[in-house]
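Peer 1: Got a predicted model here, sequence first, then my questions.
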Amino acid sequence: MKTKTVHAKRIGPTLIPDRTRVLLRPFHPTTEDIARRIVGRVLALPEEEVARLLHLVLGEFEDRHESVEPQLRRRFAEVRRHLGGTPEPSPRRQALIGAYFTHEYSPESAALFNPSIVPHPDQSGVPEGALRFVLSLRATGEGHISSIAFRVGTISAHHRVTLKPLVPFVTEPEPVPNALYERDLFARKLDEAGVLDEYGRRMLGRLPEAFVLDDLRRVLASDRQQADPADAAADRAARGILLLAESNYDVHFSPGSRITQRILFPYTSSQSNGIEDARFVRFEDVDEGPTYYATYTAYDGRITLPQLLETRDFVHFKFSTLNGPAVQNKGMALFPRKVNGRYAMLSRQDDENILLMFSDNVRFWQTPELLVAPAEPWEFLKIGNCGSPIETEAGWLVLSHGVGAMRKYCLGAFLLDLDDPTRVIGRLREPLLAPNEAEREGYVPNVVYTCGALLHGRKLVIPYAMSDYATSFATVSLDELLGAME
């Protein structure tokens, strides 16, 4: 029997990295001694020279950022320790010192790729038959550090994609002060991480049922002051407890900022080299309403670790560690609702196959089972999901990526039973989208990839990355796609 084929249609537009979008980021001199000497040199300047130099800095950078001088003073506050016993400098000198410990960083100077797409939480004013969306992208800049950037656009009734023009300036969020931790949930995370020993239980016993990070720091500091300094095991346990707490945090943007201005830049040590490949999904909960979840990969330069991000409004974001033996490798993707009363997640544990797992808690994952293995030549090396499953009347539609000869990445698709997603009921035998001649050049050649698509009417809208450099869009008829499944 002849294999049925279907191919996605490229429709654009294409997004390329915008190097003019820059953040003010902390600059760290090589050593503390160098930092102290830099501060000393600025302190030795006459006040008139301080005023002149600050005027030059502000004149050069004020049209590239919002509120430059206040940001420089905040940076000064972070390096105030280098003053030693010197009296508090003038506000202008503080800002100038801050300028020597600040630099511009272009988060998407190298690449803007691996997109996912979800309906925008605000659909007011959208024309009939159209849909406003939020596009998340992996932005990569100097040092190959990845962060999450956003774009906003509209899919028309005729499935034309239009992106909203960017506004000047980009911004990072502020940490939410006094964000609460649930002691029982935190204890379970410690237990899953293997650090809930006698010491950990004793420390948790000194905390209230709901605590903030400063509470934990005070308890740990008090214990270490009274403990034997040679107790290396307790020191390791304390560091592990604090590291876990710092990896579970909340941030928020100014509500007056636009979504396209917002950048989620690495914040914790586990993310220090990147927040990679966020797979956003609009999750429907019958009791609590919609929440946007994103699974992403935290990378510290050595270890990759799947983690969870959640938001309701793209203003306030909660970062959480995922726990359990099934939390490993890359490419976890959450189903958009519970299945038979449980959360469901796709994953790839072995760098080869797609697995499926279920859980009663979205942050804990235990036992995955094999779902799909490589079958066709274009996916002989490995396969993985390309975002969260999409619910259709025929089943759960899953976009996949397959890696074949010459490490060429193509997009495919398969279908799972709605009530029992452990059953694969259809699969494409030929790629849905493969890199063409215009798409095969980039940071990683011969790749098309996506972290999530969107069903609009009877069309599947697929934002996709081209060779780890830029991003474009394609569509395919849902009916044709389902009809080509074998």
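Peer 2: That came in fine, so what should we check first?
Peer 1: CA only for contacts and neighbour counts going forward, please
Peer 2: OK.
Peer 1: how far away is the spatially closest residue to Pro89 that is not a sequence neighbour from Arg93?
Peer 2: Leaving aside its sequence neighbours, Pro89 sits nearest to Leu43 (Cα to Cα, 6 or more residues apart in numbering; 7.7 Å). Per Cα to Cα, to the nearest Å, Leu43 is found 8 Å from Arg93.
Peer 1: Neighbour count for these two, which is higher?
Peer 2: When Leu43 and Arg93 are compared for neighbours, Arg93 comes out ahead with 23 against 18, by other Cα atoms under 10 Å.
Peer 1: In contact with the more buried one, which residues?
Peer 2: Neighbouring residues of Arg93 by Cα atoms under 8 Å, 6 or more residues apart in numbering: 42-43, 47, 50-51.
Peer 1: redo that, cut-off 6 Å
Peer 2: Applying Cα atoms under 6 Å, 6 or more residues apart in numbering to Arg93 gives no contacts.
Peer 1: Can you give me the domain boundaries for the chain?
Peer 2: 9-18+107-173+253-483, 23-105, 175-246 (automatic domain parsing).
Peer 1: wait, which of these is closest to Thr3?
Peer 2: domain 9-18+107-173+253-483 (7.1 Å; Cα to Cα).
Peer 1: can you list the residues that contact stretch 102-110?
Peer 2: Against stretch 102-110 from outside (Cα under 6 Å, 6+ apart): 17, 19, 21-27, 139-141.
Peer 1: again, but for stretch 203-215
Peer 2: 178-183.
Peer 1: how about TSV for the residues you listed, with neighbour count and pLDDT added?
Peer 2: Converted to TSV, the contacts of stretch 203-215 look like this (neighbours: other Cα atoms under 10 Å; pLDDT from 0 to 100):
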residue	neighbour count	pLDDT
Asn178	13	83
Ala179	16	85
Leu180	14	90
Tyr181	18	93
Glu182	12	93
Arg183	17	94
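Peer 1: Any idea which helix or strand in the chain has the lowest mean pLDDT?
Peer 2: When the helices and strands of the chain are scored by mean pLDDT, DSSP states H and E, helix 232-246 comes last with a mean of 85.
Peer 1: How far off centre is that one?
Peer 2: Here helix 232-246 is found 25 Å from its chain centre; the criterion is Cα atoms, centre = their mean, to the nearest Å.
Peer 1: Dump it to PDB, restricted to CA.
Peer 2: Below are the C-alpha coordinates for helix 232-246, written out as PDB (Å, rounded to 0.1, in the frame of the first residue of the first chain):
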ATOM      1  CA  ALA A 232      31.300  18.600  56.600                       C
ATOM      2  CA  ALA A 233      28.200  16.500  56.200                       C
ATOM      3  CA  ALA A 234      26.000  19.100  57.900                       C
ATOM      4  CA  ASP A 235      27.600  21.800  55.800                       C
ATOM      5  CA  ARG A 236      26.700  19.900  52.600                       C
ATOM      6  CA  ALA A 237      23.200  19.300  53.800                       C
ATOM      7  CA  ALA A 238      22.700  23.000  54.600                       C
ATOM      8  CA  ARG A 239      24.000  24.000  51.200                       C
ATOM      9  CA  GLY A 240      21.700  21.400  49.500                       C
ATOM     10  CA  ILE A 241      18.700  22.700  51.400                       C
ATOM     11  CA  LEU A 242      19.400  26.300  50.500                       C
ATOM     12  CA  LEU A 243      20.200  25.500  46.800                       C
ATOM     13  CA  LEU A 244      16.800  23.700  46.500                       C
ATOM     14  CA  ALA A 245      15.000  26.700  48.100                       C
ATOM     15  CA  GLU A 246      16.700  29.200  45.800                       C
END
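Peer 1: Buried residues, that helix. List them.
Peer 2: Neighbour-count burial for helix 232-246, counted by 16 or more other Cα atoms under 10 Å, picks out 234-235, 237-238, 240-241, 244-246.
Peer 1: same check, this time on stretch 199-212
Peer 2: For stretch 199-212, by 16+ other Cα under 10 Å, it's 200, 203-204, 211-212.
Peer 1: What about these, which are in strands?
Peer 2: Residues of the buried residues of stretch 199-212 located in strands (DSSP state E): Phe211.
Peer 1: Can you give the contact residues for stretch 140-155?
Peer 2: Here stretch 140-155 has contacts from 106-111, 130-139, 161-164, 260, 263-265, 273-276, using Cα under 6 Å, 6+ apart.
Peer 1: What mean pLDDT does it get?
Peer 2: The pLDDT scores in stretch 140-155 average 97.
Peer 1: again with stretch 60-78
Peer 2: On average, stretch 60-78 scores 96.
Peer 1: Of the contacts of stretch 102-110, grab the buried ones for ChimeraX.
Peer 2: Those of the contacts of stretch 102-110 that count as buried under 16+ other Cα under 10 Å are selected in ChimeraX with:
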select :17,21,22,23,24,25,26,139,140,141
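Peer 1: Residue ranges in this structure under the pLDDT threshold?
Peer 2: Flagging of the chain using pLDDT under 70 yields the residue ranges 1-2, 229-230.
Peer 1: Mind checking what helix or strand follows the least confident helix or strand of the chain in sequence?
Peer 2: Sequence order places strand 249-252 as the next helix or strand after helix 232-246, per DSSP states H and E.
Peer 1: ok, and what's touching whichever helix or strand comes after that following strand?
Peer 2: Next helix or strand after strand 249-252 toward the C-terminus (DSSP H and E): strand 263-264. Strand 263-264 is contacted from outside by 147-149, 172, using Cα under 6 Å, 6+ apart.
Peer 1: Direction included, what does strand 263-264 pair up with?
Peer 2: strand 146-155 (antiparallel) (DSSP bridges).
Peer 1: Could you list the buried residues of the following helix or strand past the strand it pairs with?
Peer 2: Beyond strand 146-155 on the C-terminal side, the first helix or strand identified by DSSP H and E is strand 161-163. Buried residues in strand 161-163, defined by neighbour count with 16+ other Cα under 10 Å: 161, 163.
Peer 1: Use 45 as the first number from now on
Peer 2: Okay, using 45 as the starting number, the last item reads as strand 205-207.
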